[in-house]
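Asks: Generate coordinates for the sequence data below:
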Amino acid sequence: MALEPKPRPRAFRIGATAETNGEKPAGPLVIETLADPYEAEAKALMATQEAGEAAVETAQKQGIVARSLLSWGGVFWASAGGLVSLGFGLWLTRLIDDLFAWSPLFGLVGLILAGIAGVALFVLGLREIVGILRQRHIAELHIGLARAREKDDFKEARRLVGQLSSLYDMRSDTARARGQLRQLAHDIVDGRDLIDIAERTLVEPLDLLVRHEIAAAAKRVSVVTALAPRAIIDVVFVAAQAIRLIRRIAAIYGGRPGVLGFLKLLRSIGSHIAITGGMAAGDSLLQQFVGHGIAAKLSARLGEGVLNGLLTARVGLSAMAVCRPLPFATKRPPGVGDVAPFLFSKSSENKG
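Replies: Numbering: from 1, shown residues only. Sure thing, here's the model as predicted:
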């Protein structure tokens, strides 16, 4: 989907060599298609990117873009939530009645506090809904732009690129990129080129911020795990860093997940890791665990730190793929070795 194979070079061979007496060539004109040594590599890269994009879209549909409103699980949680809400409402009503029976002043204070709590709960619920809808909009943008680029649909590409630009209207750090994109959009008549330019001007600077966040989180996890005296500290710190990293990546790409939105996002990330087998495009499982093996020979704690750093980086890369509003088209998706090369180089230096 992202890369297109270039046409093979051709050689023109004129049949037989002209005779020494000046006669015309005897054989017909033959066109030979030469083998392109890079074609197999290009096709393999295209297949890898298409498989990676399919995994991203499947993960988004399973978590963020899930629309199944009626299921046995949904019926259970809706019924259980209704019962809990009724029970809480009954308890609150009895509490306020008891306060009024004790003292009208206490009853009035309790009623005011209950009203404030109800307004706050309504605002929190509204923020949850807005966060879920915004994250779903980003996922639908990703899927729609991938389809528009594949079909080279200029009308759809222009519409979706406009929505992508408006997604960052309130962010001053994207003002220059949005201005450049608006200027270039009037001069381009090819849908695929328009989407590629939007990726280069608007999304790639955000990719750099995300890669920096992943590298910083992986470094913190590897260092703290190597120095922490208790295993429980490792577990708590790694989980906290993973949650913070996912929320930070979603915010960089324009998402604002609340509690429920974060759970849906976490479901998509888990699905992506399960579909891809925990590997990003260009990564090698052997390469990752070789670094861990070298570190483990030097120190068990150092080996655990490297491994936890690798896992944190892998979670960050899955979050990057799921939260990104555009598919990777002009470049390949980054791997663990791209965002956290220090997890390998330090192990090699320590060995030397």
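Asks: Do you know the pLDDT at Lys351?
Replies: At Lys351, the model reports a pLDDT of 40.
Asks: didn't Thr134 look like it was pressed against Gly254?
Replies: Thr isn't right for residue 134; it's Arg. Yes - if you go by C-beta atoms under 8 Å, Arg134 and Gly254 touch, sitting 7.2 Å apart. For every residue, glycine as well, the C-beta is placed using N, CA and C.
Asks: between these two, which one's more packed in?
Replies: Gly254 (21 against 17; other C-beta atoms under 10 Å).
Asks: Now that one. Nearest residue, chain neighbours left out?
Replies: In space, and not counting its chain neighbours, Gly254 is closest to Leu167: 4.8 Å by C-beta to C-beta, 6 or more residues apart in numbering.
Asks: so that neighbour sits right up against Leu145, yeah?
Replies: No - using C-beta under 8 Å, Leu167 is not in contact with Leu145; the gap is 11.8 Å.
Asks: And these two? Which one has more around it.
Replies: Per other C-beta under 10 Å, whichever of Leu167 and Leu145 has more neighbours is Leu145, with 25 against 20.
Asks: Which residues are in contact with the more buried one?
Replies: Ala157, Leu160, Val161, Leu164, Ile195, Pro325, Leu326, Pro327 (C-beta atoms under 8 Å, 6 or more residues apart in numbering).
Asks: Asp196 versus that one, what's the distance?
Replies: 10 Å (C-beta to C-beta, to the nearest Å).
Asks: what's the helix or strand for Thr330?
Replies: When elements are assigned from DSSP states H and E, Thr330 belongs to no helix and no strand.
Asks: doesn't Ala146 make contact with Pro327?
Replies: Yes - counting by C-beta under 8 Å, Pro327 touches Ala146, with 4.4 Å between them.
Asks: Am I right that Phe262 falls within a helix?
Replies: Yes - assessed by DSSP: H, G, I helix; E, B strand; the rest coil, Phe262 belongs to a helix.
Asks: residues near it, how many?
Replies: 19.
Asks: Where is the longest helix in the chain?
Replies: helix 104-151 (DSSP state H).
Asks: C-terminal to that helix, what's the next element?
Replies: That would be, after helix 104-151 and using DSSP H and E, helix 154-167.
Asks: what's the angle from that following helix to helix 104-151?
Replies: Here the directions of helix 154-167 and helix 104-151 differ by 150 degrees (axes from the mean of the first three to the mean of the last three C-alpha atoms, to 10 degrees).
Asks: for helix 154-167, packing partners?
Replies: helix 104-151, helix 175-185, helix 191-198 (3 or more C-beta pairs under 8 Å, 6 or more residues apart in numbering; DSSP states H and E).
Asks: now those helices as CSV including mean pLDDT?
Replies: Below are those laid out as CSV (pLDDT from 0 to 100):
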stretch, mean pLDDT
helix 104-151, 91
helix 175-185, 82
helix 191-198, 87
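Asks: These: which one's closest to Glu53?
Replies: Nearest to Glu53 among the helices and strands packed on helix 154-167 is helix 104-151; the distance by C-beta to C-beta comes to 6.1 Å.
Asks: Report the angle between that closest one and helix 191-198.
Replies: 130 degrees.
Asks: which one of the helices and strands packed on helix 154-167 is the most hemmed in?
Replies: helix 191-198 (a mean of 22; mean count of other C-beta atoms under 10 Å).
Asks: Tell me which residues of the very next helix or strand once past that one come out buried.
Replies: The first helix or strand that comes after helix 191-198 along the chain, using DSSP H and E, is helix 204-227. By neighbour count with 16 or more other C-beta atoms under 10 Å, helix 204-227 contains the buried residues 206-207, 210-211, 213-222, 224-226.
Asks: Also stretch 160-178?
Replies: Applying 16+ other C-beta under 10 Å to stretch 160-178 flags Leu160, Val161, Leu164, Ser165, Leu167, Tyr168, Thr174, Ala177, Arg178 as buried.
Asks: Can I get it in PDB, CA atoms only?
Replies: Coordinates of each C-alpha in stretch 160-178 appear next as PDB, following Å, rounded to 0.1, in the frame of the first residue of the first chain:
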ATOM      1  CA  LEU A 160     -10.100  13.800   5.100                       C
ATOM      2  CA  VAL A 161      -6.900  15.900   5.000                       C
ATOM      3  CA  GLY A 162      -9.000  18.900   5.900                       C
ATOM      4  CA  GLN A 163     -10.400  17.000   8.900                       C
ATOM      5  CA  LEU A 164      -6.900  16.000   9.800                       C
ATOM      6  CA  SER A 165      -5.800  19.600   9.800                       C
ATOM      7  CA  SER A 166      -8.800  20.700  11.800                       C
ATOM      8  CA  LEU A 167      -7.900  18.100  14.400                       C
ATOM      9  CA  TYR A 168      -4.900  20.200  15.400                       C
ATOM     10  CA  ASP A 169      -6.500  23.700  15.100                       C
ATOM     11  CA  MET A 170      -6.100  24.400  18.800                       C
ATOM     12  CA  ARG A 171      -2.400  23.500  18.900                       C
ATOM     13  CA  SER A 172       0.100  26.300  18.200                       C
ATOM     14  CA  ASP A 173       3.000  23.900  17.500                       C
ATOM     15  CA  THR A 174       1.200  22.700  14.300                       C
ATOM     16  CA  ALA A 175       0.200  26.100  13.000                       C
ATOM     17  CA  ARG A 176       3.100  26.400  10.600                       C
ATOM     18  CA  ALA A 177       2.600  22.900   9.200                       C
ATOM     19  CA  ARG A 178      -1.100  23.500   8.800                       C
END
